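Chemist: I would like the atomic coordinates for the input below:
(chains A, B, C and D)
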4 protein chains.
Amino acid sequence: MNLAEAETEITVQFYDLDPMNVVWHGNYVKFAEEARCSLLDKIGYRYEEMRADGVMYPVAKMDMKFIKPAVFGQKLTVKTILEEIEPSLNIKYIIKDSATGETLFKANTMQICVDVLSGRSLYEAPEKFRKGIECLKDV
Amino acid sequence: MNLAEAETEITVQFYDLDPMNVVWHGNYVKFAEEARCSLLDKIGYRYEEMRADGVMYPVAKMDMKFIKPAVFGQKLTVKTILEEIEPSLNIKYIIKDSATGETLFKANTMQICVDVLSGRSLYEAPEKFRKGIECLKDV
Amino acid sequence: MNLAEAETEITVQFYDLDPMNVVWHGNYVKFAEEARCSLLDKIGYRYEEMRADGVMYPVAKMDMKFIKPAVFGQKLTVKTILEEIEPSLNIKYIIKDSATGETLFKANTMQICVDVLSGRSLYEAPEKFRKGIECLKDV
Amino acid sequence: MNLAEAETEITVQFYDLDPMNVVWHGNYVKFAEEARCSLLDKIGYRYEEMRADGVMYPVAKMDMKFIKPAVFGQKLTVKTILEEIEPSLNIKYIIKDSATGETLFKANTMQICVDVLSGRSLYEAPEKFRKGIECLKDV
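Modeler: Model prediction:
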């Protein structure tokens, strides 16, 4: 049961390409981050809210599968699925060609909630974060 | 039993940093790539040799663990361990602080050998690649 | 007298930021490139058309003025102005805050048309490029 | 009369390349920054000292000339020349092939000293910065 989902449109830029004329594999980390920010934006728990709560969410783990290379000008849809927020923030990413729906890339990230002042890990998500997810479900 | 190993020194640059004043997590993909190229250089099987053999080695999978963030000016040692070359090229990465030896990051990549002309995957490594590894062992 | 103009919307991403919490100055080169591609797209003379014509347009000069730093999530409008296509391709860039219209950045690029086979500079723009600009004016 | 000079060695990485198999033009901003940090390091006025003095030096202007493209694995020497520190910090950059001495790239940056608390521009360089340059000359 997923907690929340979002979709983000990305167009492959020239500066994303490598000598094989496809997106350099490291740039998918940027695509995933952009999509994660859209998901958090939809929930209403952005970097501003994290800062106000005195927490941050560093990425602790990331795994990526490169299924088919993306090319210049290609329109991509990054689907993000929020799988868990406690004890860690787990998000799944699927990148598809926006036109054909073909899957190009899959990834997962695991982020830890850290109390900025003490530096300690928190295993409960901030209340505003949980409420933001609840509000989305009610819609 | 590892097939080959290498070590690469990297100094964290200002442009590697994010607003938390630490290396942005996506930049570790660059550190891993730089270290992988050093390893391949040591073996004598670089992009030039791949091109001459008509093959390429796209990254098919990568997983990363971010253990402790690296900071501006920090000297890092990236150790690369070649674990397999057949049926896929599997490399392990460990980044340590060069001074203290503390582990900051671990990763694994899996690369597939692809015949450039046909686009087909090859499950045997090119002969020059295997010989390069043999030569290293004899040393 | 400008030959053509275009506008591109960009949203500042987290990975664009530096430790001062503003866009790292080198990332404006990416913003300019993305906007330049939109302009060329509008004219109908993209990388595909260049390749078909056997030419490329490497950037020979670029100057940038950083007037006010952009911040996370900010919506930017990059205006591009095509000033000349012969003997070189000269484009001006102005980045403004999309909401307030405040100017944040200005730049100019100069690109040389190069014949891919011979490596020689061409001082006349390809016909398709000139026609694409003419068509825009007629609209 | 130059105030100080430094030289930095850089090796072109795979992730620096674009589809033309040469260094993507925006990456020279990174090369210049790395070299500028080496120069400031030699003078003994790094980001730490700036922070301790409560100032920062944002880049206000940069111009670049791309003379000959750099390729994978190429060893580059970035020479930095400190031309002025008051009223602005002006640095010149020249990138040459380390082996042949051929010039590939030239640039200039102009940075403004800003008081972090007030946000005001300062037209006198901090004393530690001026002393660091004096010490270098005495050597």
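
Chemist: check contacts around the residue most central in space within chain A.
Modeler: Nearest to the mean C-alpha position of chain A, counting by C-alpha atoms, centre = their mean, stands A:R36 at 2.6 Å. By C-beta atoms under 8 Å, 6 or more residues apart in numbering or on different chains, A:R36 lies in contact with A:80, A:91, A:93, A:109. Quick note: C-beta positions are derived from backbone N, CA and C, even for glycine.

Chemist: Just the ones of those residues in strands?
Modeler: A:80, A:91, A:93, A:109 (DSSP state E).

Chemist: Which pair of those residues spans the longest distance?
Modeler: The largest distance within the ones in strands among the contacts of A:R36, taken as C-beta to C-beta, falls between A:T80 and A:T109 and amounts to 9.6 Å.

Chemist: Now do the shared contacts for these two.
Modeler: Contact with both A:T80 and A:T109 is made by residues A:36, A:91, A:93, according to C-beta under 8 Å, 6+ apart.

Chemist: Relative to A:M64, how far out is the residue of chain A most remote from its centre?
Modeler: Among residues of chain A, the one most distant from the C-alpha centroid is A:P19; the distance is 26.9 Å, by C-alpha atoms, centre = their mean. Applying C-beta to C-beta, to the nearest Å, the value for A:P19 to A:M64 is 20 Å.

Chemist: What of A:A32?
Modeler: 8 Å.

Chemist: Residues in contact with both of these two, list them for me.
Modeler: Counting by C-beta under 8 Å, 6+ apart, the contacts common to A:A32 and A:M64 are A:A107.

Chemist: Restricting to C-alpha, output the longest helix belonging to chain A in PDB.
Modeler: In chain A, with assignment by DSSP state H, the single longest helix is helix A:28-43. As requested, the backbone C-alpha atoms of helix A:28-43 are provided in PDB (Å, rounded to 0.1, in the frame of the first residue of the first chain):
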ATOM      1  CA  TYR A  28      19.600   9.900 -13.400                       C
ATOM      2  CA  VAL A  29      20.400  10.800  -9.700                       C
ATOM      3  CA  LYS A  30      19.400  14.400 -10.700                       C
ATOM      4  CA  PHE A  31      16.200  13.200 -12.400                       C
ATOM      5  CA  ALA A  32      15.300  11.200  -9.300                       C
ATOM      6  CA  GLU A  33      16.000  14.200  -7.000                       C
ATOM      7  CA  GLU A  34      13.800  16.500  -9.100                       C
ATOM      8  CA  ALA A  35      11.000  14.000  -9.000                       C
ATOM      9  CA  ARG A  36      11.400  13.500  -5.200                       C
ATOM     10  CA  CYS A  37      11.100  17.200  -4.700                       C
ATOM     11  CA  SER A  38       7.900  17.300  -6.700                       C
ATOM     12  CA  LEU A  39       6.500  14.400  -4.500                       C
ATOM     13  CA  LEU A  40       7.400  16.300  -1.300                       C
ATOM     14  CA  ASP A  41       5.900  19.500  -2.800                       C
ATOM     15  CA  LYS A  42       2.600  17.600  -3.400                       C
ATOM     16  CA  ILE A  43       2.700  16.400   0.200                       C
END
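
Chemist: Point out where chain A drops to low pLDDT.
Modeler: Applying pLDDT under 70 to the predicted model, the residue ranges of chain A that meet it are A:1, A:139.

Chemist: Swap in 90 and give it another go.
Modeler: Counting by pLDDT under 90, chain A shows low-confidence ranges at A:1-2, A:136-139.

Chemist: Show me where it has its strands.
Modeler: Chain-ordered strands for chain A, with DSSP E as the definition, fall at A:4-11, A:55-56, A:59-66, A:75-84, A:89-97, A:103-111, A:113-115, A:121-122.

Chemist: closest one to chain D among those?
Modeler: For the strands of chain A, the distance to chain D is smallest for strand A:59-66, at 15.0 Å, taking C-beta to the nearest C-beta.

Chemist: close to chain D, is that closest one?
Modeler: No - applying C-beta under 8 Å from any C-beta of the partner chain, one finds that strand A:59-66 is not in contact with chain D, the shortest distance being 15.0 Å.

Chemist: in that strand, what's buried?
Modeler: Taking 16 or more other C-beta atoms under 10 Å in any protein chain shown as the neighbour-count basis, strand A:59-66 is seen to contain the buried residues A:59-66.

Chemist: which of these come close to chain B?
Modeler: Within the set of the buried residues of strand A:59-66, contact with chain B (C-beta under 8 Å from any C-beta) is found for A:59-66.

Chemist: What is the nearest of the residues you listed to C:E49?
Modeler: Within those, distances to C:E49 taken as C-beta to C-beta reach their minimum at A:F66, with 29.2 Å.

Chemist: Please verify my assumption that the closest one contacts A:T103.
Modeler: No - with contacts defined as C-beta atoms under 8 Å, A:F66 does not count as touching A:T103, sitting 11.0 Å away.

Chemist: Spell out which residues of chain A are next to chain B.
Modeler: Residues of chain A found near chain B, taking C-beta under 8 Å from any C-beta as the criterion, are A:20, A:25-26, A:29-30, A:33, A:56, A:58-66, A:69.

Chemist: what residues are up against the nearest residue to A:C135 once chain neighbours are set aside?
Modeler: Taking C-beta to C-beta, 6 or more residues apart in numbering or on different chains as the measure, A:C135 lies nearest to A:G44, with 7.3 Å between them; neighbours along the chain are not counted. With contacts defined as C-beta under 8 Å, 6+ apart, the neighbours of A:G44 are A:128, A:132, A:135.

Chemist: In a markdown table, list these along with neighbour count.
Modeler: Putting the contacts of A:G44 into a markdown table (neighbours: other C-beta atoms under 10 Å in any protein chain shown) gives the following:
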| residue | neighbour count |
| --- | --- |
| A:K128 | 15 |
| A:G132 | 20 |
| A:C135 | 12 |
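
Chemist: show me what contacts the nearest residue to A:K30 once chain neighbours are set aside?
Modeler: Closest residue to A:K30 apart from its sequence neighbours, by C-beta to C-beta, 6+ apart: C:Y15 at 5.1 Å. Under the criterion of C-beta under 8 Å, 6+ apart, the neighbours of C:Y15 are A:29-30, A:33-34, B:18, B:24, B:26.

Chemist: Please dump these into TSV; it should also carry neighbour count and distance to D:S121 for every row.
Modeler: Shown next, in TSV, are those (neighbours: other C-beta atoms under 10 Å in any protein chain shown; distance: C-beta to C-beta, whole Å):
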residue	neighbour count	distance to D:S121
A:V29	23	36
A:K30	18	33
A:E33	20	33
A:E34	18	34
B:D18	21	26
B:W24	23	29
B:G26	21	33
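
Chemist: Let me know the closest of the residues you listed to A:R120.
Modeler: Within the contacts of C:Y15, proximity to A:R120 (C-beta to C-beta) peaks at B:D18, which comes in at 20.9 Å.
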